[in-house]
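S.K.: the following comprises the amino acid sequence and a computationally predicted model.
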Amino acid sequence: MDIKFLTDIGFLLGSVGFVWGLKRLSSPDTARRGNMIASIGMGLAILSIIFAPLDKGDNNYAWVVGGLAVGAIIGYFMAMKVKMTAMPQMVSIFNGLGGACAVLIGMVELRHFYSGASTMTGGQIAISLSALLIGGIAFTGSMLAWFKLEDWLRDNSLILPKHSVFNMALLVVILAMGIYIYVQNVEAGMGLAVIFMILALLYGVSFVVPIGGADMPVVISLLNSFSGLSAASAGLIYGNNFMLVGGILVGASGTILTVLMCEAMNRSLLNVLIGGFGGSSAASKGASGDQVVKEVTLNDAAIQLFYSNSVMIVPGYGLAVAQAQKVCKEIDDLLESNGVDVKYAIHPVAGRMPGHMNVLLAEADVPYPKLLDLEDANAALKNTDIVVVVGANDVVNPSALDDPGSPIYGMPVLQVWDAKNTIVLKRSMNPGYAGIQNPLFFLEKTRMLFGDAKDTLSKLVTEIKNL
Amino acid sequence: MDGFIQFFEDYQLLIYLLVFTIILGFEVISKVPTVLHTPLMSGANAISGVVVIGGILLVRQAEAGDYFSLGLGLFGIIMGMVNATGGFAVTDRMLEMFKKKKKK
């Protein structure tokens, strides 16, 4: 058997590994195996491409193996070191690296072409350009998303006046330039390709600039999809089926998540991309200032919780910021030991990436059957004694249902007011990301508990232990 | 336009593959429980590390003295490999946490 045959089989098995692995990733019981299968698929493909016979080039194995080793070590190290609360950042960085790799491939292949070292069909030029564009957006967009998630950059510090107009104009310029390069074929020259790449990188930044805070899950899913599509484009440059399959699968999964996230906020993708909830909040009625909230003492809260029948915890980004997931689990255990039924209500866009809360609670050893999704949670809330809202705001805002003037009107929310009582843990009365007041806090059966989530929860633990 | 027709004719099989993979991708992943959104995303993210294959191909196809291609290609391989290894490893770490609490 010749080597080419073997390596081709390797690629085929690798693609099957990806599809099979992704299939298994969509069920909790088989997910870990699925991830393993997909990674074996990747390993097979890497081996195959190392041994596949080529008709040109000097192989340069030292460079290949060196790069693989360095990359694997760095990647493994990062993955083992990262804190679970920093997962959104990690995913963003990885998205960006995949995109950057596609950009480099596109640039090198275009340079070969323009320097006369290789030939390209018109189709290949177009594909290389799309690798530059999509990869470039995935790269700089993800880097900016990472900076925002680390809080190194205020959400609106870079927004230009008429930013969405600027974005649109930039995109039109980029596309027009792409068409020009394509039509000019070999005449266009490397200079134009470099400018095209720079504009694409710029667009990545300016496209993520206006999006922040609670819209992060949408952006990260979208960039995930882009990083896949850029890999697929790179695959098309080489006519490599395996890269195409892998890239497209990622593109599909990123797109599905993007759509899910948009649905969870009842907003169109375009609306999210243009950025910010702002504007329409003037008409909202929640803003009247003379309402008062009622606070609850730690001791009262502890008693209420300990002697209730059922408690529903609603975590939000505040839980992640305060890293309060483990204390949360402690309370859960204490209450369970007294026969209280503790569940968690997870809104799809709570936190800064899809499924953010699930990861944090999993880290704290909360069994996943206790995590209810939006529908199940809303059904269960009607029979819940006490809801504890930990650092969530917009996802529990009743205005979404009954105030057509509210910017979040129509967004599916957790109807915590159906429960008998609500305790809200919050740092201050500042409104959430959407910048709108939450009438929930003023309801007769709502009690507030101000302070850092972790701090407050630890004090609650002490109080409950003293009962 | 001729270019497009030519392209379509030349790459028909690849285009079929593209279209069917899109359909397959949506079918396979369409119903993901909320619990698994993050692992699915980071697992898929690792798969987008396939771009490393392109990096390897690029370096292998380069001539030994072509330091432009070798340098950028090396950089590409490193980034793609970080994406792939890191992605799979971190997904495994996450899923391990999801798993061990089943004992309850």
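M.R.: That came in fine, so what should we check first? Residues are numbered from 1 along each chain as shown, chains lettered A, B, ... in the order given.
S.K.: so where do the helices sit in the stretch 151-300 of chain A?
M.R.: A:163-184, A:189-208, A:216-238, A:241-265, A:269-274, A:298-306 (DSSP state H, counting those that start in this stretch).
S.K.: over to chain B?
M.R.: B:2-10, B:12-29, B:37-47, B:51-61, B:67-100 (DSSP state H).
S.K.: out of the helices of the stretch 151-300 of chain A, which comes closest to B:G43?
M.R.: Taking Cβ to Cβ, helix A:241-265 is the member of the helices of the stretch 151-300 of chain A nearest to B:G43, at 8.4 Å. Just so you know, the C-beta spots here come from the backbone N, C-alpha and C atoms, and that holds for glycine as well.
S.K.: in space, what's closest to the residue of the stretch 351-467 of chain A found nearest chain B - neighbours in sequence excluded?
M.R.: Minimum separation of the stretch 351-467 of chain A from chain B (Cβ to the nearest Cβ) falls at A:G355, amounting to 2.9 Å. Among residues not flanking A:G355 along the chain, B:H37 sits closest, at 2.9 Å (Cβ to Cβ, 6 or more residues apart in numbering or on different chains).
S.K.: of the helices of the stretch 151-300 of chain A, flag the one that's most buried.
M.R.: Among the helices of the stretch 151-300 of chain A, helix A:216-238 has the highest mean neighbour count (mean count of other Cβ atoms under 10 Å in any protein chain shown), at a mean of 29.
S.K.: which ones are touching the residue of the stretch 351-467 of chain A closest to chain B?
M.R.: Residues near A:G355 by Cβ atoms under 8 Å, 6 or more residues apart in numbering or on different chains: B:34-41.
S.K.: domain ranges for chain B, per the record?
M.R.: In terms of domains, chain B is parsed into B:1-31, B:33-104 (source: automatic domain parsing).
S.K.: buried deepest among the ones you listed, which one?
M.R.: domain B:33-104 (a mean of 24).
S.K.: can you list contacts of stretch A:162-176?
M.R.: A:133, A:160, A:196, A:199-200, A:202-203, A:206-207, A:209-210, A:274-275.
S.K.: make it 6 Å
M.R.: Applying Cβ atoms under 6 Å, 6 or more residues apart in numbering or on different chains, the contact partners of stretch A:162-176 are A:160, A:199, A:203, A:206-207, A:210, A:274.
S.K.: what is the mean pLDDT for it?
M.R.: The predicted model assigns stretch A:162-176 a mean pLDDT of 87.
S.K.: what residue ranges in chain B score low on pLDDT?
M.R.: B:1, B:3, B:99-104 (pLDDT under 70).
S.K.: ok, the residue nearest the centre of it to A:M197 distance?
M.R.: Note on chain B: the residue nearest the mean C-alpha position is B:S48, at 2.2 Å, using Cα atoms, centre = their mean. According to Cβ to Cβ, to the nearest Å, B:S48 and A:M197 sit 19 Å apart.
S.K.: hmm, back to that, pick out the shakiest of the helices of the stretch 151-300 of chain A, pLDDT-wise.
M.R.: Mean pLDDT is lowest for helix A:269-274 among the helices of the stretch 151-300 of chain A, at a mean of 76.
S.K.: just how off-centre is that helix within its chain?
M.R.: 15 Å (Cα atoms, centre = their mean, to the nearest Å).
S.K.: before we move on, what about stretch A:11-29?
M.R.: On Cα atoms, centre = their mean, the centre of stretch A:11-29 falls 21 Å from that of its chain.
S.K.: send the alpha carbons of it over as PDB?
M.R.: What follows is stretch A:11-29 as a C-alpha-only set of coordinates in PDB (Å, rounded to 0.1, in the frame of the first residue of the first chain):
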ATOM      1  CA  PHE A  11      -8.100  12.300   6.600                       C
ATOM      2  CA  LEU A  12     -11.300  10.400   5.900                       C
ATOM      3  CA  LEU A  13     -11.300   8.800   9.400                       C
ATOM      4  CA  GLY A  14     -10.400  12.200  10.800                       C
ATOM      5  CA  SER A  15     -13.500  13.800   9.300                       C
ATOM      6  CA  VAL A  16     -15.700  11.000  10.600                       C
ATOM      7  CA  GLY A  17     -14.200  11.600  14.000                       C
ATOM      8  CA  PHE A  18     -15.200  15.200  13.900                       C
ATOM      9  CA  VAL A  19     -18.800  14.500  12.900                       C
ATOM     10  CA  TRP A  20     -19.200  11.700  15.400                       C
ATOM     11  CA  GLY A  21     -17.500  13.600  18.100                       C
ATOM     12  CA  LEU A  22     -19.700  16.700  17.600                       C
ATOM     13  CA  LYS A  23     -22.800  14.400  17.700                       C
ATOM     14  CA  ARG A  24     -21.700  13.100  21.000                       C
ATOM     15  CA  LEU A  25     -20.900  16.500  22.300                       C
ATOM     16  CA  SER A  26     -24.600  17.400  22.200                       C
ATOM     17  CA  SER A  27     -25.600  15.100  25.100                       C
ATOM     18  CA  PRO A  28     -24.200  15.400  28.600                       C
ATOM     19  CA  ASP A  29     -23.600  11.700  29.100                       C
END
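S.K.: hmm, the strand or helix carrying A:I313 touching chain B?
M.R.: Element membership for A:I313 (DSSP states H and E) is strand A:310-315. No - judged by Cβ under 6 Å from any Cβ of the partner chain, strand A:310-315 makes no contact with chain B; its nearest approach is 12.7 Å.
S.K.: contacting residues around A:M312?
M.R.: Counting by Cβ under 6 Å, 6+ apart, A:M312 touches A:343, A:345, A:384, A:387.
S.K.: what's the closest non-adjacent residue to residue 21?
M.R.: You didn't pick a chain, so chain A it is. Counting by Cβ to Cβ, 6+ apart, the residue nearest A:G21 is A:A38, at 2.9 Å.
S.K.: not what I meant, chain B
M.R.: Closest to B:T21 by Cβ to Cβ, 6+ apart is A:I248, at 4.3 Å.
S.K.: same deal with A:N397?
M.R.: Going by Cβ to Cβ, 6+ apart, A:N397 has A:N438 as its nearest residue, at 4.7 Å.
S.K.: and what of A:I125?
M.R.: Closest to A:I125 by Cβ to Cβ, 6+ apart is A:Y182, at 5.6 Å.
S.K.: ok, the one you found touching A:A126?
M.R.: Yes - taking contacts as Cβ atoms under 6 Å, A:Y182 lies within contact range of A:A126: 5.4 Å.
S.K.: for whichever strand or helix holds A:G99, buried residues please.
M.R.: A:G99 is part of helix A:87-114, with elements assigned from DSSP H and E. Buried residues in helix A:87-114, counted by 16 or more other Cβ atoms under 10 Å in any protein chain shown: A:87-114.
S.K.: how far does it sit from the chain's center?
M.R.: That offset, for helix A:87-114, works out to 19 Å (Cα atoms, centre = their mean).
S.K.: ok, and the closest non-adjacent residue to B:V52?
M.R.: B:V52's closest residue in space is B:G80 (Cβ to Cβ, 6+ apart), at 3.0 Å.
S.K.: quick one: residues contacting residue 34.
M.R.: I went with chain A, as the question did not name one. Shown in contact with A:G34 (Cβ under 6 Å, 6+ apart): A:21, A:24-25.
S.K.: hmm, I had chain B in mind actually
M.R.: By Cβ under 6 Å, 6+ apart, the residues touching B:T34 are A:346, A:348, A:373.
S.K.: chain B next: which of those residues are close?
M.R.: Residues of those in contact with chain B (Cβ under 6 Å from any Cβ): A:346, A:348, A:373.
S.K.: hang on, the earlier thing: between the helices of chain B, which gets nearest to A:P404?
M.R.: Closest approach to A:P404 among the helices of chain B is made by helix B:37-47 (30.0 Å; Cβ to Cβ).
S.K.: next, the angle from the closest one to helix A:241-265.
M.R.: Here the directions of helix B:37-47 and helix A:241-265 differ by 160 degrees (axes from the mean of the first three to the mean of the last three Cα atoms, to 10 degrees).
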